[in-house]
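> I need the structure of the sequence given here:
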Amino acid sequence: SLTIMEGEGNGSLTVTGSHGIQIQNYNGEAALNILDVDVAVKSSRCGVRMQTGADSTASVTVNGGSLTASGDTGDYFGGIYFHFGYGNDSGTSKVNVGNNALVDAREGGINTRSSTSQIKGNGIVFDGSEGTVYGNVTLQKNLTIKSGQSLTLADGASLSAGGKNLIVDGGTVDENIKNSLGNSVKYTPAITTTTLPNGTEGTGYSATLAADGTTPITWSIASGSLPAGLTLNTNTGTISGTPTAEGTFQFTVKATNGYGEGDSKEFSLTVV
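Model prediction:
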């Protein structure tokens with residue numbers, strides 16, 4: 001077994017390697033315990049690898065703090081990987097969360113070769129792209145749900161903001177979570193404008209970009225340039241002015257609001 005616990009002050013640990021953390025016991029049980037520490041494991045194979053004897057129990061427990069485990073996908077890999085015996089034997093795999101802990105295996109998932117698999121407690125667990133809230137949880141830090149990812153409530157579970165934000169950056173969130181968190185759910189901008197109208201040299205021009213997301217949204221030119229004579233209002237997203245030269249101009253607009261990385265889109269504007 002291995003226990004990683006907080007010392008003096010706020011604890012954190014970063015681990016790298018082909019197997020970031022590996023706990024092996026061919027004759028019995030294996031356990032990883034993380035207590036009030038933020039542990040980040042980055043691996044090209046298994047982030048956390050738990051191997052025990054056949055018909056034994058392997059457990060990962062995070063009580064307070066967090067475990068972010070990144071690994072490769074595949075039969076013998078994963079963000080967290082449980083293996084029993086020397087071949088394809090069976091056993092019991094357990095992931096336990098407590099004290100609002102976060103287990104984040106979005107890169108690699110939780111891969112278990114067990115006959116019995118359990119996830120329970122009071123915290124949030126991401127198995128690949130799917131996140132689940134277990135028990136009555138209060139956010140300890142801002143949590144971002146990106147594109148292709150989801151967060152749902154287990155039966156009887158609840159999620160409170162605790163003064164933090166749940167940031168939806170292209171992912172999906174359970175309607176019950178949205179309702180309970182209210183204004184603490186923040187949405188990264190997504191630009192909805194698809195095209196811009198053409199302009200005419202020497203004639204006034206105005207077009208306003210639009211985006212979904214939590215306001216206020218700030219607009220900027222990320223690359224390229226507007227036609228001479230036109231400017232972008234960073235607060236409203238309005239492109240206006242009087243073009244002074246004809247031609248076709250390509251540029252990339254970015255929308256940000258402080259939640260997530262924002263959204264960028266390339267546009268083409270022709271002045272005749």
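> CA only for contacts and neighbour counts going forward, please
Fine.
> State the number of residues packed around Thr3.
The tally of other residues near Thr3 (other Cα atoms under 10 Å) stands at 11.
> my bad, should have said Gln24
By the criterion of other Cα under 10 Å, Gln24 has 18 neighbours.
> For Ser1, see how far away it is.
8 Å (Cα to Cα, to the nearest Å).
> Excluding covalently adjacent residues, which one is nearest to Lys120?
Asn96 (5.4 Å; Cα to Cα, 6 or more residues apart in numbering).
> Any idea what the one you found is bridged to?
Judged by DSSP bridges, the bridge partners of Asn96 are Thr61, Lys120.
> is it true that it touches Thr61?
Yes: if you go by Cα atoms under 8 Å, Asn96 and Thr61 touch, sitting 4.5 Å apart.
> what's the average pLDDT for the longest strand belonging to the chain?
The longest strand of the chain (DSSP state E) is strand 30-52. Averaging pLDDT along strand 30-52 yields 94.
> that older thread, which residues are common contacts for Gln24 and Ser1?
Jointly contacting Gln24 and Ser1 under the rule Cα atoms under 8 Å, 6 or more residues apart in numbering are Ala30.
> pLDDT wise, what is the closest residue to Gly199 other than its chain neighbours at?
Nearest non-adjacent residue to Gly199, counting by Cα to Cα, 6+ apart: Val271, 4.5 Å away. The per-residue pLDDT reported for Val271 equals 97.
> now do Glu130
Looking at Glu130, its pLDDT reads 97.
> can you tell me which residues contact Ser147?
Contacts for Ser147 (Cα under 8 Å, 6+ apart) come out as Asp169, Gly170, Gly171, Thr172.
> and if you look at Lys265?
Ile191, Thr252, Val253, Lys254.
> Can you give the distance of the strand or helix carrying it from its chain's centre?
Element membership for Lys265, per DSSP states H and E: strand 263-271. Taking Cα atoms, centre = their mean, to the nearest Å, the mean C-alpha location of strand 263-271 is offset from the chain mean by 28 Å.
> do the same with stretch 36-50
Relative to its chain's centre, stretch 36-50 lies at 16 Å (Cα atoms, centre = their mean).
> Tell me where the stretch 151-272 of the chain has strands.
For the stretch 151-272 of the chain, strands defined by DSSP state E, counting those that start in this stretch occupy the ranges 158-160, 166-169, 172-173, 185-187, 190-191, 205-208, 211-212, 218-224, 230-232, 238-241, 247-256, 263-271.
> and of these, who's closest to Val15?
Proximity to Val15, assessed across the strands of the stretch 151-272 of the chain by Cα to Cα, is greatest for strand 166-169 (26.5 Å).
> is it true that Val39 touches Asn63?
No: counting by Cα under 8 Å, Asn63 is not a contact partner of Val39; they are 11.8 Å apart.
> Pick out whichever of these two has more residues nearby.
Asn63 (24 against 21).
> Let me know the pLDDT of that one.
At Asn63, pLDDT is 96.
> before we move on, what about the one 5 residues further on?
Predicted confidence (pLDDT) at Thr68: the value is 97.
> now the stretch 51-200 of the chain, which segments are flagged as low pLDDT?
87 (pLDDT under 70).
> show me what contacts the nearest residue to Gly262 once chain neighbours are set aside?
Leaving aside its sequence neighbours, Gly262 sits nearest to Thr256 (Cα to Cα, 6+ apart; 4.5 Å). Residues near Thr256 by Cα under 8 Å, 6+ apart: Thr188, Pro189, Ile217, Thr218, Trp219, Gly262, Asp263.
> do Leu196 as well
Ala207, Phe267, Ser268, Leu269.
> From these, list just the buried residues.
Among these, those scoring as buried are Phe267, Leu269 (criterion: 16 or more other Cα atoms under 10 Å).
> would you turn the contacts of Leu196 into a markdown table with distance to Thr195?
As requested, the contacts of Leu196 are exported to a markdown table (distance: Cα to Cα, whole Å):
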| residue | distance to Thr195 |
| --- | --- |
| Ala207 | 10 |
| Phe267 | 7 |
| Ser268 | 8 |
| Leu269 | 8 |
